[in-house]
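Participant: Build me a model from this:
(chains A and B)
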Amino acid sequence: GESVGLHLPTLSVQEGDNSIINCAYSNSASDYFIWYKQESGKGPQFIIDIRSNMDKRQGQRVTVLLNKTVKHLSLQIAATQPGDSAVYFCAESFQAGTALIFGKGTTLSVSS
Amino acid sequence: DGGITQSPKYLFRKEGQNVTLSCEQNLNHDAMYWYRQDPGQGLRLIYYSQIVNDFQKGDIAEGYSVSREKKESFPLTVTSAQKNPTAFYLCASSTRQGAVSYGYTFGSGTRLTVV
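Facilitator: Numbers count the residues shown, from 1 in each chain, chains lettered A, B, ... in the order given. So this is what the prediction gives:
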């Protein structure tokens, strides 16, 4: 699978590969983290979230990993499909109802 | 179905005009937000509101104004003081208290172009 150690603005993978998108968050007090997927011309859609008392959470074909020691978040997509092509944003929050802090976004391109 | 609706989808503004972007939600969310997104960029916070009749400036509030007279509605006015308003505008809402998950629900966005 394709992976990046540091945040990169773009990631290109082949269909069927596993993808790993990384994100560094900024606030040590943040206790809730979310990944969003944004397709061209649309609003971001929720993918998966994780609270700071966990280090891993799995969804359907997606896994989020949280490393609080280095303030790092990653999104793993298994068996990447062309429909996964989009911009992926991580976001952090330290209190319900406060504004989320968004990462810079990674554009995932999946080729057949 | 519950959701958040932004209108219009596309909006054109002449130089010197004020325009208002609509955002309505029926999710019973307390908090609402406006973000601006420029091509290839992330989301920058313009204004947010945690309760009715109260709102706070975000990182790029200059040239924008908002109101929150009803829980369901959070309109954004782009004033003539905003020198570079062409962008994609996103509205979002979230629950506020005692929630297990307090991520946003986003609208589908309004693309504003200055002509």
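
Participant: For the rest of this, base every contact and every neighbour count on C-alpha atoms.
Facilitator: OK.

Participant: Any residues of chain A in contact with chain B? List them.
Facilitator: A:34, A:41-46, A:49, A:89, A:96-100, A:102-105 (Cα under 8 Å from any Cα of the partner chain).

Participant: Of those residues, select the buried ones using a ChimeraX command.
Facilitator: To isolate in ChimeraX the members of those that are buried, counting by 16 or more other Cα atoms under 10 Å in any protein chain shown, one can use:
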select /A:34,43,44,45,46,49,89,96,97,98,99,100,102,103,104,105
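
Participant: Tell me the pLDDT of the residue nearest the centre of chain B.
Facilitator: By Cα atoms, centre = their mean, the mean C-alpha position of chain B lies nearest to B:W34, the distance being 2.8 Å. B:W34 is assigned a pLDDT of 97 by the prediction.

Participant: Tell me which helix or strand it sits in.
Facilitator: strand B:31-37 (DSSP states H and E).

Participant: neighbouring contacts of that strand?
Facilitator: Contacts to strand B:31-37, defined as Cα atoms under 8 Å, 6 or more residues apart in numbering or on different chains, come from residues A:97-99, B:43-51, B:74, B:76, B:87-96.

Participant: Now residue 10. Nearest residue, chain neighbours left out?
Facilitator: Since no chain was named, I'll use chain A. A:T107 (4.6 Å; Cα to Cα, 6 or more residues apart in numbering or on different chains).

Participant: that's the wrong chain, I wanted chain B
Facilitator: B:Y10 sits nearest to B:R111 (Cα to Cα, 6+ apart), 4.9 Å away.

Participant: Give the pairing partners of whichever strand or helix holds that neighbour; include direction for each.
Facilitator: Applying DSSP H and E as the criterion places B:R111 in strand B:110-114. If you go by DSSP bridges, strand B:110-114 pairs up with strand B:10-13 (parallel), strand B:87-94 (antiparallel).

Participant: Now it: buried residues?
Facilitator: Buried-residue list, strand B:110-114, by 16+ other Cα under 10 Å: B:T110, B:R111, B:L112.

Participant: helices or strands next to the worst-scoring helix or strand of chain A on mean pLDDT in the packing?
Facilitator: Among the helical and strand segments of chain A, the one scoring lowest on mean pLDDT, DSSP states H and E is strand A:101-102, with a mean of 87. Applying 3 or more Cα pairs under 8 Å, 6 or more residues apart in numbering or on different chains; DSSP states H and E, one finds that strand A:101-102 makes contact with strand A:86-93.

Participant: What ranges does the chain have for its strands?
Facilitator: You didn't say which chain, so I picked chain A. A:10-14, A:19-24, A:32-38, A:45-51, A:56-58, A:62-67, A:72-77, A:86-93, A:101-102, A:106-111 (DSSP state E).

Participant: please go with chain B instead
Facilitator: Going by DSSP E, chain B shows strands at B:4-7, B:10-13, B:19-25, B:31-37, B:43-51, B:54-57, B:64-66, B:76-78, B:87-94, B:105-106, B:110-114.

Participant: what packs against the longest one?
Facilitator: Here strand B:43-51 is seen to pack against strand B:31-37, strand B:54-57 when contacts are counted using 3+ Cα pairs under 8 Å, 6+ apart.

Participant: So which of those is the most surrounded?
Facilitator: With neighbours taken as mean count of other Cα atoms under 10 Å in any protein chain shown, the helices and strands packed on strand B:43-51 reach their highest mean count in strand B:31-37, at a mean of 24.

Participant: what sits against residue 108?
Facilitator: Going with chain A. A:T10, A:L11, A:S12, A:V13, A:D84, A:S85, A:A86, A:V87, A:Y88.

Participant: Chain B is the one I meant
Facilitator: A:G41, A:K42, A:G43, A:P44, B:T5, B:Q6, B:K9, B:L90 are the contacts of B:S108 under Cα under 8 Å, 6+ apart.
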